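S.K.: kindly generate the corresponding structure for this input.
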Amino acid sequence: MTQTVRKVVFPVAGLGTRFLPATKAVPKEMLPVVDRPLIQWAVEEAAAAGCNEFIFVSSPHKRAILEHFSPAPAYEEVLEARGKHDEMALLQAGLPENAKITEVFQDKPLGLGHAIWCAREAVGDEPFAVILPDDMVLHGTGCLSQMVEQYEQLGGNLVAIEAVPHDQTQRYGVLDPGAETGTLVAIKGLVEKPAPADAPSNLAIIGRYILDPQVMEDLSAFNKGAGGEIQITDTLANLIGKLPLHGYKFQGQRYDCGNRVGFLAANLAFALSQAGAGGQSGLGENLGPVLRDIMGTYL
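M.R.: Residues are numbered from 1 along each chain as shown. Reported below is the predicted structural model:
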């Protein structure tokens, strides 16, 4: 029987150099998209998918992230005295009532695989999700909720995928795809950041994973891959044949908030989505193709 996905890992130790000087004192994950920081959007997506244990792989200089999710007695006292109950609810920052928060540190920037490995003790022997807050997906049903539904039927390892322009494969982990069944793609192999001429397809992994705890054992070998970093893509490839591995073609529009134009596009799209919630909730999602046409060379 497939275990329930209760735990989620957020790798948030990076410096965010693409957004300097804004990220000199403010973590990139605390930059706001509309009315809440990137990391809160990610936490809310995980909570909606049923997660109640939130593991932040961070660094000592990014205290603002955990402070955002910590109790705020000064605010609580003032808001309570003024009867501002709606504002009181906002202090939860998207966390469910039964939330457990764990912080671990990644002491060196050795890659996404290493960041995930740093969470090994907090993860234990359960399947767990990984969300990269840079990747925002706009849809009525969160990307992770969609994946959990699939995972309950599949087990193993599951990654969110989408088709990317062939000339951008060097930015992603790319699939050597097998049989496709609806929105699911069996994965025969994976290549991290291949040159367009060497890419086995244009199906790329984006920042959503549901992983079996066995990945931690393979990651513990500290084998370095593309860019001299420890890559989760390599570990998933190593486990093919030992565990099922599938790609899921999620519903919704992805915005890459790791670059400035993608971040701007997400702000516009999510703002329109919120504005249209009374009857035109597809506004923000449908904006994606339009933005790509207007700013395609920059996205």
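S.K.: which stretches in the chain count as strands?
M.R.: Ranges of strands in the chain, per DSSP state E, are 7-11, 32-33, 36-37, 53-58, 100-105, 128-131, 135-138, 157-163, 173-181, 184-192, 203-211, 245-249, 253-256.
S.K.: which among the ones you listed is found nearest to residue 224?
M.R.: Closest to residue 224 of the strands of the chain is strand 184-192 (C-beta to C-beta; 10.8 Å). Bear in mind the C-beta positions are built from the backbone N, C-alpha and C, glycine included.
S.K.: sorry, back to before: reformat the strands of the chain as CSV; add mean neighbour count.
M.R.: Converted to CSV, the strands of the chain look like this (neighbours: other C-beta atoms under 10 Å):
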stretch, mean neighbour count
strand 7-11, 26
strand 32-33, 17
strand 36-37, 20
strand 53-58, 23
strand 100-105, 15
strand 128-131, 26
strand 135-138, 24
strand 157-163, 22
strand 173-181, 17
strand 184-192, 19
strand 203-211, 24
strand 245-249, 22
strand 253-256, 22
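S.K.: let me have those strands in JSON lines, extended by mean pLDDT and distance to residue 88.
M.R.: Output for those, formatted as JSON lines (pLDDT from 0 to 100; distance: least, C-beta to C-beta, whole Å):
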{"stretch": "strand 7-11", "mean pLDDT": "98", "distance to residue 88": "25"}
{"stretch": "strand 32-33", "mean pLDDT": "96", "distance to residue 88": "20"}
{"stretch": "strand 36-37", "mean pLDDT": "95", "distance to residue 88": "16"}
{"stretch": "strand 53-58", "mean pLDDT": "97", "distance to residue 88": "21"}
{"stretch": "strand 100-105", "mean pLDDT": "96", "distance to residue 88": "19"}
{"stretch": "strand 128-131", "mean pLDDT": "98", "distance to residue 88": "26"}
{"stretch": "strand 135-138", "mean pLDDT": "97", "distance to residue 88": "27"}
{"stretch": "strand 157-163", "mean pLDDT": "97", "distance to residue 88": "34"}
{"stretch": "strand 173-181", "mean pLDDT": "94", "distance to residue 88": "42"}
{"stretch": "strand 184-192", "mean pLDDT": "95", "distance to residue 88": "42"}
{"stretch": "strand 203-211", "mean pLDDT": "97", "distance to residue 88": "31"}
{"stretch": "strand 245-249", "mean pLDDT": "97", "distance to residue 88": "37"}
{"stretch": "strand 253-256", "mean pLDDT": "95", "distance to residue 88": "30"}
